[in-house]
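Kindly generate the corresponding structure for this input.
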Amino acid sequence: NSFLPVIVGELWVVVSPAHSCEHNNSAEQLQQGLFWWTKTVHCIIAGTMASGAAIHEPLIDRDEGADPGQNAAYVPLEDEPRLSETKPVPAAGSANAGGPTTAERRRTMAADIHREAANMAADGSDADVVLTQVAAMYTDDEDRYDDAAIYLYEGKTHKKFFTHPETLQQRKIHKLIHSTAFITAEMIAGTIMMLLSFLEPPAVFHVPRGYPLTIEALCIVFFCITVSLRSQSGRYKKQLFKGQLVRCIVIALAILDWLFFLVLPHRYRYLRLVRPYFLVDSVKASGVRRVLRQVFTTTFQLWDMILLVVLYVLLFAILGFYYFSGEVNPYFTTFEMTYVQMFIGLTTANYPDVSMSAFYHNKGAPIFFVLYMMFGLFFLFQMILAFVFNQFAGQSKDKFKRLLLHKRAALRAAYYLTCGENTSGLPWKEFQRLMIKFGKTADLHSFLCFRFMDEDVSDAVQVGEFYDLFATLKLKWHLYLPSTNEVKTQFHQSLAPWAQDLAHKLRNIIETKLWEAAIQIIILANVVSIVVIVAKKGHKGIEEDSAADFTFYGIYVIEAGIKIFALGPRMYFDRPWNSFDFFIVVASTVGLIVDSAVTGGQAGAVTVIVRSLRLLRLVRLRKSFQNIIQAMFFLLPRMGSYFLALVVVYYMFAIVGMSVFSDTVSSKCTAAICGGAFGTGPLELNYGLNNFDNI
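Numbering: from 1, shown residues only. Reported below is the predicted structural model:
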């Protein structure tokens, strides 16, 4: 039953005139298609049965009976089935008298990949995801390497295998839509669709109405082309059809929103909510999609905890209304007002204002509010946080395991397609050719990665070692320097003998703890001098240069020059903290130049910025400070998906807020109506500026 819709869809593709070379051969093509699909389904069922039998087999053990060459550098996952029964697929066109044909070998490869799909399903993955690549004959080695490179790309980017291209035309389209230029254009178009809200009424930047209309129309046309290309880049599958259907619905809603923009006021443009989809649906935003799915799934599992919070607030709202409503208390005038104010109290936004009047009239009121805040904030909310964290962590762990299995399935497919008949492993020449197809043109980097994975030094990478390909490609290589006292860089070799000796002596000095302590004392002295100058001269002292500033600037320049001469430019900039110090020196130099060339407030602003940058050198004082900064720079790139997910959520709420509350707070809620907090002026609280007038 699960394969019947797919078979019917593929038969429609076979008999469709758009896919026929000659219209009068549809009956012959139908007969060939039926035979082709009969063999394919037989292969898939055979692969499923083989994988089902393999699920309960023992794991690979490198120490007990396993081939050390075949499984070197391979540590199996928990519950991962044994896949050693898989046989490599010979290269197309190889001489094998009496052996299987090319199509049969390819179907064997399909059964092998499908076994991986069954293994993924057994480990909790989606059972309906079929990882088969079937019934496409290789005309030459180029097709084989192209196919292997596509598998690598699908494993690296976590793309499902049902989009894997078969024909040459599909490969060309796949290469186009996954090229850097096309992916960048897709990201830019998705970003522009969201930024158009700054130009559309209620606009932040006022432009003629035709500009955003034209830009949005061009972006919609681009996304229509993208959907068309994606539908032609892989085999027709039920999953692929669902994804394209969602994209078509979103594009249709965007077109309706564009038409509404012509005739309706901006207040009714709720369909702009779909715009973030174009950015989230891009290839590079797979991490954002994963985060949003996990957030939504966790939110739906949170209803019990949310109901518990509602009941908790309701209980205390009834008690508070009973005890404090008879007193002169603006927060407990009605039961509805009481419930809202008690709910806000859990966020501490109205605390202690909500309780002060009750304190004045009722001496037992503090007990009520202390119990309410203590259990609500420090117990109930922490339980909710623990529940969310546990659910989110569990989903992340399960997703990570499935992604890892997906990568291994792709790596196995690429490995066996590249190896061909070579059962001893993947040699360097074949690996190099695969890397070129994969887009890694740096031969030195590819060679070092090959040697790094070849742990048994057999001049061939085994399948277990090949599993480390993606992690190995991320490595950065540096020249190994055995001893700081013996190394002479290319820079030093170009110097005269006396200069080389001087560099050697200076290097011995700057590597000592005494040198580091002296630099730290100078940094502290610079900080103290800045604080003293600002404390004595105030605002004017911040903008003016002093003799102390020039003195410390000269010391930093001399320090950087000595280190560059002693270590050599390349070794100096290979150390991140040296690059940071050099940036401070360059920024100080630019600041002095601007200060001498420009007069007025702008020059003072540059001086303040440069002087503030020098304070950052305090990070060098302690190793713990450096570790914290390094951890921050390590985590920031990995937080990009979460940051974009927050942007999407805030954008959607901002669209709804503009449509519902535009021109309400700023124009209607004045100081006379809503109180002095909404007044605008130097002595007012200026709450009125926090409005929904634009994005």
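
contacts and neighbour counts: CA atoms only from here.
Fine.

Name the residues that touch the helix or strand hosting Gln500?
Applying DSSP states H and E as the criterion places Gln500 in helix 497-510. With Cα atoms under 8 Å, 6 or more residues apart in numbering as the test, helix 497-510 has contacts from Asn485, His492, Gln493, Trp515, Glu516, Ile562, Lys563, Phe565, Ala566, Leu567.

Show me which positions of that helix end up buried.
Neighbour counts using 16 or more other Cα atoms under 10 Å place Gln500, Ala503, His504, Leu506, Arg507, Ile510 of helix 497-510 among the buried residues.

just stretch 398-416 next, same as before
399, 401-416.

Distance-wise, check Arg575 relative to Lys563.
According to Cα to Cα, to the nearest Å, Arg575 and Lys563 sit 11 Å apart.

higher neighbour count, the two?
Lys563 (20 against 10; other Cα atoms under 10 Å).

any weak-confidence spans in the stretch 151-300 of the chain?
By pLDDT under 70, the low-scoring segments of the stretch 151-300 of the chain are 234-241, 265-267.

Could you do the stretch 301-450 of the chain as well?
Low-confidence segments of the stretch 301-450 of the chain, defined by pLDDT under 70, are located at 327-328, 420-422, 441.

which stretches of it form helices?
Using DSSP state H, counting those that start in this stretch, the helices found in the stretch 301-450 of the chain span residues 303-324, 335-345, 353-361, 365-375, 381-419, 428-438, 443-453.

Kindly report the same for the stretch 501-650 of the chain.
With DSSP H, counting those that start in this stretch as the criterion, the stretch 501-650 of the chain has helices at 513-537, 539-543, 547-567, 569-574, 576-597, 601-615, 623-635, 640-661.

possible to save those as JSON lines with distance to Phe222?
Shown next, in JSON lines, are the helices of the stretch 501-650 of the chain (distance: least, Cα to Cα, whole Å):
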{"stretch": "helix 513-537", "distance to Phe222": "55"}
{"stretch": "helix 539-543", "distance to Phe222": "51"}
{"stretch": "helix 547-567", "distance to Phe222": "51"}
{"stretch": "helix 569-574", "distance to Phe222": "43"}
{"stretch": "helix 576-597", "distance to Phe222": "42"}
{"stretch": "helix 601-615", "distance to Phe222": "43"}
{"stretch": "helix 623-635", "distance to Phe222": "34"}
{"stretch": "helix 640-661", "distance to Phe222": "21"}
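
Kindly reformat these as JSON lines and extend each row with mean pLDDT and distance to Phe161.
Listed next are those as JSON lines, based on pLDDT from 0 to 100; distance: least, Cα to Cα, whole Å:
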{"stretch": "helix 513-537", "mean pLDDT": "83", "distance to Phe161": "55"}
{"stretch": "helix 539-543", "mean pLDDT": "55", "distance to Phe161": "61"}
{"stretch": "helix 547-567", "mean pLDDT": "87", "distance to Phe161": "50"}
{"stretch": "helix 569-574", "mean pLDDT": "83", "distance to Phe161": "41"}
{"stretch": "helix 576-597", "mean pLDDT": "82", "distance to Phe161": "41"}
{"stretch": "helix 601-615", "mean pLDDT": "67", "distance to Phe161": "50"}
{"stretch": "helix 623-635", "mean pLDDT": "83", "distance to Phe161": "31"}
{"stretch": "helix 640-661", "mean pLDDT": "89", "distance to Phe161": "23"}
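
Quick one: closest of those to Lys175.
helix 640-661 (24.9 Å; Cα to Cα).

Only the buried residues of the closest one, if you could.
Buried positions in helix 640-661, judged by neighbour count with 16+ other Cα under 10 Å: 641-642, 644-645, 648, 651-652, 654-659.

next one: stretch 352-359
Per 16+ other Cα under 10 Å, stretch 352-359 contains these buried residues: Val354, Ser355, Ser357, Ala358.

If you drop the residues flanking it in sequence, what lies closest to the first one?
So that's Val354. Excluding the flanking residues, the one nearest Val354 by Cα to Cα, 6 or more residues apart in numbering is Tyr331, at 6.2 Å.

now swap in Gln341 and tell me
Going by Cα to Cα, 6+ apart, Gln341 has Tyr331 as its nearest residue, at 6.4 Å.

Might one say that that neighbour is in contact with Met337?
Yes. If you go by Cα atoms under 8 Å, Tyr331 and Met337 touch, sitting 6.4 Å apart.

what about those two, which has more around it?
Taking other Cα under 10 Å, Tyr331 and Met337 do not tie; Tyr331 has more neighbours (24 against 15).

From Phe222, how far off is that one?
The spacing between Tyr331 and Phe222, counted by Cα to Cα, is 54 Å.

before we move on, what about Thr348?
To Phe222, Thr348 is 47 Å away according to Cα to Cα.

likewise Ile188?
According to Cα to Cα, Ile188 stands 11 Å off from Phe222.

List the buried residues of stretch 293-308.
Of the residues in stretch 293-308, those buried (16+ other Cα under 10 Å) are Gln294, Val295, Thr298, Met305.

same for the helix or strand that contains Thr298, what does it pack against?
Using DSSP H and E, the element containing Thr298 is helix 286-300. Contacts defined by 3 or more Cα pairs under 8 Å, 6 or more residues apart in numbering; DSSP states H and E place helix 286-300 against helix 275-280, helix 381-419, helix 640-661.

How is Asp663 classified with respect to secondary structure?
For Asp663, the secondary-structure state derived from DSSP: H, G, I helix; E, B strand; the rest coil is coil.

What separation is there between the closest residue to it other than its chain neighbours and Phe261?
Once flanking residues are discounted, Asp663 sits nearest to Asp693: 5.6 Å by Cα to Cα, 6+ apart. Counting by Cα to Cα, the gap from Asp693 to Phe261 is 18 Å.

So Ile562 versus Ile509, what's the distance?
Separation of Ile562 from Ile509 (Cα to Cα): 10 Å.

And Val207, by the same measure?
Taking Cα to Cα, one finds Val207 at 63 Å from Ile509.

ditto for Leu377
From Leu377 to Ile509 the distance is 56 Å (Cα to Cα).

Sketch out the low-pLDDT regions of the stretch 1-150 of the chain for me.
In the predicted model, the stretch 1-150 of the chain carries pLDDT under 70 at residues 1-140.

pretty sure Ser231 contacts Gln244?
Yes. If you go by Cα under 8 Å, Ser231 and Gln244 touch, sitting 7.0 Å apart.

Need the residues that contact stretch 191-203.
Residues from elsewhere that reach stretch 191-203 (Cα under 8 Å, 6+ apart): 204-207, 209, 212, 216, 219, 266, 275-276, 278-279, 693-695.

rerun that using 6 Å as the cut-off
If you take Cα atoms under 6 Å, 6 or more residues apart in numbering as the criterion, stretch 191-203 is touched by Val204, Phe205, His266, Arg275, Asn694.

Likewise for stretch 143-152?
Stretch 143-152 has contacts (Cα under 6 Å, 6+ apart) with Ala410, Ala414, Lys437, Phe438.

Which one of the residues you listed is nearest to Ile521?
Relative to Ile521, the closest of the contacts of stretch 143-152 is Phe438; by Cα to Cα it sits at 51.6 Å.

need the contact list for the closest one.
Counting by Cα under 6 Å, 6+ apart, Phe438 touches Ala149.

quick one: it from Tyr416, how far?
Applying Cα to Cα, the value for Phe438 to Tyr416 is 16 Å.

Please tell me how far stretch 401-411 is from the chain's geometric centre.
How far stretch 401-411 lies from its chain's middle: 18 Å, per Cα atoms, centre = their mean, to the nearest Å.
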